[in-house]
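Trainee: Sharing a sequence plus its predicted fold:
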Amino acid sequence: MNRKDLVEAVAAATGRTQAEADASLAAVLDAITGAVAGGDRVTLPGFGTFERRDRAARTGRNPQTGEAMEIAAGVSPAFKPAAGFKQAVSAG
């Protein structure tokens, strides 16, 4: 499912136009992105939690040469699915 399919599904489920559903989806994604970028956690009960995770600097290996190299510390977004979401996916 891509964004267009998701917008169509939301529009059909809510009785709104696709333009309204797209605007709503964009607003939700912008709010989640802004909150996580600011260091906040976004928890959607029954779905999951979006958060920002800090990664420590570490030593890695260049896969081509095998030479040791330093990997800088960084920040990345993370998603942890809720139990209900996991069960729905595993039930198929």
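Mentor: That came in fine, so what should we check first? Numbers count the residues shown, from 1 in each chain.
Trainee: going forward, measure contacts and count neighbours with C-alpha atoms only.
Mentor: Noted.
Trainee: mind listing the helices for the protein?
Mentor: Assigned by DSSP state H, the helices in the chain fall at 3-14, 18-37, 83-91.
Trainee: which outside residues touch the first one?
Mentor: Contacts to helix 3-14, defined as CA atoms under 8 Å, 6 or more residues apart in numbering, come from residues R16, T17, Q18, E20, A21, D22, L25.
Trainee: and if you look at the longest one?
Mentor: Helix 18-37 is touched from outside by V7, E8, V10, A11, R41, V42, F50, E51, R52, P77, with contacts defined as CA under 8 Å, 6+ apart.
Trainee: ok, of the residues you listed, which one's closest to G92?
Mentor: V10 (20.7 Å; CA to CA).
Trainee: Tell me the most packed of the contacts of helix 3-14, by neighbour count.
Mentor: A21 (21 neighbours; other CA atoms under 10 Å).
Trainee: measure it to A91 for me?
Mentor: Here the criterion is CA to CA, to the nearest Å. By it, A21 lies 28 Å from A91.
Trainee: Ok, T17 next?
Mentor: 31 Å.
Trainee: The residue most central in space within the chain: what's it in contact with?
Mentor: The centre of the chain sits closest to F79, judged by CA atoms, centre = their mean, with a distance of 5.4 Å. With contact taken as CA under 8 Å, 6+ apart, F79 is in contact with G48, T49, F50, E51.
Trainee: Settle this for me: the last one is touching L44, isn't it.
Mentor: No - with contact defined as CA atoms under 8 Å, E51 does not reach L44; the gap is 11.5 Å.
Trainee: re earlier: from the contacts of helix 18-37, keep the buried residues only.
Mentor: Buried members of those, scored by 16 or more other CA atoms under 10 Å, are V7, E8, V10, A11, R41, V42, F50, E51, R52.
Trainee: Now pLDDT and distance to T65 too, for those residues, in JSON lines please.
Mentor: Shown next, in JSON lines, are those (pLDDT from 0 to 100; distance: CA to CA, whole Å):
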{"residue": "V7", "pLDDT": "97", "distance to T65": "46"}
{"residue": "E8", "pLDDT": "97", "distance to T65": "49"}
{"residue": "V10", "pLDDT": "96", "distance to T65": "49"}
{"residue": "A11", "pLDDT": "97", "distance to T65": "52"}
{"residue": "R41", "pLDDT": "97", "distance to T65": "39"}
{"residue": "V42", "pLDDT": "98", "distance to T65": "41"}
{"residue": "F50", "pLDDT": "98", "distance to T65": "36"}
{"residue": "E51", "pLDDT": "98", "distance to T65": "35"}
{"residue": "R52", "pLDDT": "97", "distance to T65": "32"}
